[in-house]
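Quick one: sequence plus predicted model below, questions after.
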Amino acid sequence: MIDAVARRSESATTTDPRSASAWRALIADERHGPLPLLLLALTVLTGVVDAVSILTLGRVFVANMTGNIVFVGFAIGGAPGFSLSASLAALGGFLLGAFVGGRTIVAAERRRGVLLRDAVIVETGLLVAALVLAIATGAPFSEAIRDGLAALLATAMGLQNAVARKLAVPDLTTTVLTMTLTGIAADPHEPAHSPVVARRLLAIAAMLTGAIVGALLVVEVSAVAALALAAGLVAAAGTGATLAARHPGTWQQ
């Protein structure tokens, strides 16, 4: 009896080696190297940026174009509270960002670390430009400023989305979670301690965290504060990507 209790106690306090291995795979996976951690940081960024756009730019998504196209339809249909110009500016910016991402992919010459580094450097410039514009004009923003901010932020997100698509780290698209949530529900055979499940849960937690923090900053402080956080996050990701790009490995290919 005593032995059984002792064994249960030991089991409760000892980390399952399979779970530890799953989480470790996120930072020591030779197939993807440091990419999962960097992409998770960009997923947090997405939550922050969409909090700014939804709460201050006229109900517009700058990262999720599926939702944004629906908002365009709402605006055309005359639903109150939706800005057609901001939604179209975001859509155009996103497509421009994806186009720039495509050119960046070609220039990176198949080196994933270099690709992420170059993309995040450009993305940092776009977010800093949005931050400067927001500081210079001050809230509440005029319609023209809202459209400009939506275009800048969406361009950054389009670039990020194109590059994340090319990097092809499973379940880390950084801007949408639809397939990630589908995978959790549709793959019951996947063991709970697998790296796949860990990555999916972390992606959801990352975007949720970004959205919560972004909303708190917008509501309790200002949109400028949330944009400053976004610029800081992308700059940190850029620093990490720059360091990662210097180290060769099979994950670079």
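Cool, the structure landed. Residues are numbered from 1 along each chain as shown.

Next, the buried residues of the helix or strand containing V218.
Of the helices and strands defined by DSSP states H and E, V218 is found in helix 195-220. Taking 16 or more other CB atoms under 10 Å as the basis for neighbour counts, the residues of helix 195-220 that come out buried are 195-200, 202-204, 206-207, 210-211, 213-215, 217-218. Yep, even glycine has a C-beta here, placed from its N, CA and C like the rest.

And stretch 98-113, by the same measure?
Buried positions in stretch 98-113, judged by neighbour count with 16+ other CB under 10 Å: A98, V100, G101, T104, I105, A108, R112, G113.

Which of these scores worst on pLDDT?
pLDDT across the buried residues of stretch 98-113 is lowest for A108, at 70.

Nearest spatial neighbour of that one, chain-adjacent residues omitted?
Taking CB to CB, 6 or more residues apart in numbering as the measure, A108 lies nearest to L115, with 3.6 Å between them; neighbours along the chain are not counted.

Just the buried residues of the very next helix or strand once past the helix holding V218, please?
Sequence-wise, the next helix or strand downstream of helix 195-220 (DSSP H and E) is helix 223-245. Going by neighbour count (16+ other CB under 10 Å), the buried part of helix 223-245 is 223-231, 233-235, 237-238, 240-242, 244-245.

Check which helices and strands helix 223-245 sits against.
Under the contact criterion of 3 or more CB pairs under 8 Å, 6 or more residues apart in numbering; DSSP states H and E, helix 223-245 touches helix 35-56, helix 112-137, helix 195-220.

Please put the alpha-carbon coordinates of it into PDB.
The C-alpha coordinates for helix 223-245 follow below in PDB (Å, rounded to 0.1, in the frame of the first residue of the first chain):
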ATOM      1  CA  ALA A 223      -3.200  52.600 -29.600                       C
ATOM      2  CA  VAL A 224       0.300  54.100 -29.700                       C
ATOM      3  CA  ALA A 225       1.400  51.900 -26.700                       C
ATOM      4  CA  ALA A 226       0.100  48.800 -28.500                       C
ATOM      5  CA  LEU A 227       1.900  49.800 -31.700                       C
ATOM      6  CA  ALA A 228       5.100  50.400 -29.700                       C
ATOM      7  CA  LEU A 229       4.800  46.800 -28.300                       C
ATOM      8  CA  ALA A 230       4.300  45.500 -31.800                       C
ATOM      9  CA  ALA A 231       7.400  47.300 -33.000                       C
ATOM     10  CA  GLY A 232       9.400  46.000 -30.100                       C
ATOM     11  CA  LEU A 233       8.200  42.400 -30.700                       C
ATOM     12  CA  VAL A 234       9.200  42.500 -34.400                       C
ATOM     13  CA  ALA A 235      12.500  44.100 -33.600                       C
ATOM     14  CA  ALA A 236      13.200  41.300 -31.100                       C
ATOM     15  CA  ALA A 237      12.300  38.700 -33.700                       C
ATOM     16  CA  GLY A 238      14.500  40.400 -36.100                       C
ATOM     17  CA  THR A 239      17.400  40.200 -33.700                       C
ATOM     18  CA  GLY A 240      16.800  36.600 -33.200                       C
ATOM     19  CA  ALA A 241      16.600  35.900 -36.900                       C
ATOM     20  CA  THR A 242      19.800  37.800 -37.600                       C
ATOM     21  CA  LEU A 243      21.700  35.700 -35.000                       C
ATOM     22  CA  ALA A 244      20.100  32.500 -36.300                       C
ATOM     23  CA  ALA A 245      21.000  33.300 -39.900                       C
END
